[in-house]
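S.K.: What would the 3D arrangement of this be:
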Amino acid sequence: MRPLTEAEIVFGENVVTLLACHWKSKSGGEEESRIWRAAQRALLAEVTANLFDDEAFAAAFSAGDRAVLALGDFNMDFYEFGGEEGFVDFVAGDEFSVFYNPWEEIPEKGSYFFDGSWEKIDHFFVLDNFSEKVRGQFGAENFEVRDGETFVTGEGIPDRYAVFNGRGLSDHLPISVVLRKFDLQTRLQY
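M.R.: Alright, predicted model coming up:
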C-alpha cells in the first residue's frame, strides 16, 4: 500500500496538517484495484480520527486555529466518492470524517486526461468542523486547474514526461487552492 504522508505547517498561531496521498491507480483493472483504494480511504479516515486523540489538537481545531487538508492523486474521480454538494465522507469502522472538496465549484474539465476523456482525480479535501459560529474556520477558495502552456501539449492535454528524451512534465495538470481563514461574517456568506 502506498504511504500516507503527514506534515504540519505553522502560520503564527495557526497550524495546518497536510495529509498527502497517492492512491493506487486503476491499472490492472478498476475492479481489481478498488480494494486498494478502499483501504487507502479507510486509512485516511483512521489517521484523521487519530489526530483528535490529542486534546490540544481537538481544542485548537474546534477554536478554528487548526486545519486539516488531504491532498494528492487519489486516482478516483470526484463523483466516485459519492459525496453531495462537495462534501465527502471517509469512514473506517467507527471512525468518521467529512471533508469538503471544491471540484463542484468550478467548470473545469479535469486535471487528468486518459483514454480520450478528462477526469477529476487530483484533489484538495478540507476537513469540515460543522461549526457555523466559530470565527476563523478554514475554507478553500480560488480552486483551479493550472493548464498554462508550460503544462500542456499543443492539443491542450497534459505534457506527459518522456524518459527517452527528458521532455514533458506530468500526465496530470497541477491544481491549486487558497486555504483561507474566514471571519464570522464571511463564513456565513460562504
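
S.K.: mind listing what's buried in stretch 70-81?
M.R.: Within stretch 70-81, the residues scored as buried using 16 or more other C-beta atoms under 10 Å are 70-76, 78, 80-81. Heads up, the C-betas are built off the backbone N, CA and C, glycines and all.

S.K.: Check those and tell me the two furthest apart.
M.R.: Across these, no pair lies farther apart than L71 and E80, at 17.0 Å, counting by C-beta to C-beta.

S.K.: re earlier: please name whichever of the buried residues of stretch 70-81 scores lowest on pLDDT.
M.R.: Summarising pLDDT for those: the lowest-scoring member is F78, with 85.

S.K.: Could I get the full set of strands for this structure?
M.R.: With DSSP state E applied, the chain shows strands at 5-11, 14-22, 66-73, 87-92, 95-100, 112-114, 117-119, 122-127, 138-145, 175-181, listed in chain order.

S.K.: would JSON lines of those strands with distance to L169 be doable?
M.R.: Rendered in JSON lines, the data for those read as follows (distance: least, C-beta to C-beta, whole Å):
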{"stretch": "strand 5-11", "distance to L169": "21"}
{"stretch": "strand 14-22", "distance to L169": "17"}
{"stretch": "strand 66-73", "distance to L169": "14"}
{"stretch": "strand 87-92", "distance to L169": "28"}
{"stretch": "strand 95-100", "distance to L169": "28"}
{"stretch": "strand 112-114", "distance to L169": "13"}
{"stretch": "strand 117-119", "distance to L169": "17"}
{"stretch": "strand 122-127", "distance to L169": "14"}
{"stretch": "strand 138-145", "distance to L169": "14"}
{"stretch": "strand 175-181", "distance to L169": "14"}
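
S.K.: which one of these lies closest to A49?
M.R.: Smallest distance to A49 across these (C-beta to C-beta): 3.7 Å, for strand 95-100.

S.K.: can you list contacts of the closest one?
M.R.: 44-46, 48-49, 70, 86-90, 125-128, 130, 139-140 (C-beta atoms under 8 Å, 6 or more residues apart in numbering).

S.K.: Just the buried ones from those residues?
M.R.: When the contacts of strand 95-100 are checked against 16+ other C-beta under 10 Å, the ones flagged as buried are 44-46, 48-49, 70, 86, 88, 90, 125-128, 139-140.

S.K.: right, and the pair among those with maximum separation?
M.R.: Using C-beta to C-beta, these span at most 24.4 Å, a distance reached by E46 and G139.

S.K.: quick one: contacts for S33?
M.R.: 24-27 are the contacts of S33 under C-beta under 8 Å, 6+ apart.

S.K.: quick one: low-confidence parts of the chain?
M.R.: Scanning the chain for pLDDT under 70 picks out 1, 129-136, 183-190.

S.K.: Return the distance of the biggest helix by length in the chain from the chain's centre.
M.R.: Among the segments of the chain that qualify as a helix by DSSP state H, the longest is helix 30-51. Between the mean C-alpha point of helix 30-51 and the mean C-alpha point of its chain there is a distance of 14 Å (C-alpha atoms, centre = their mean, to the nearest Å).
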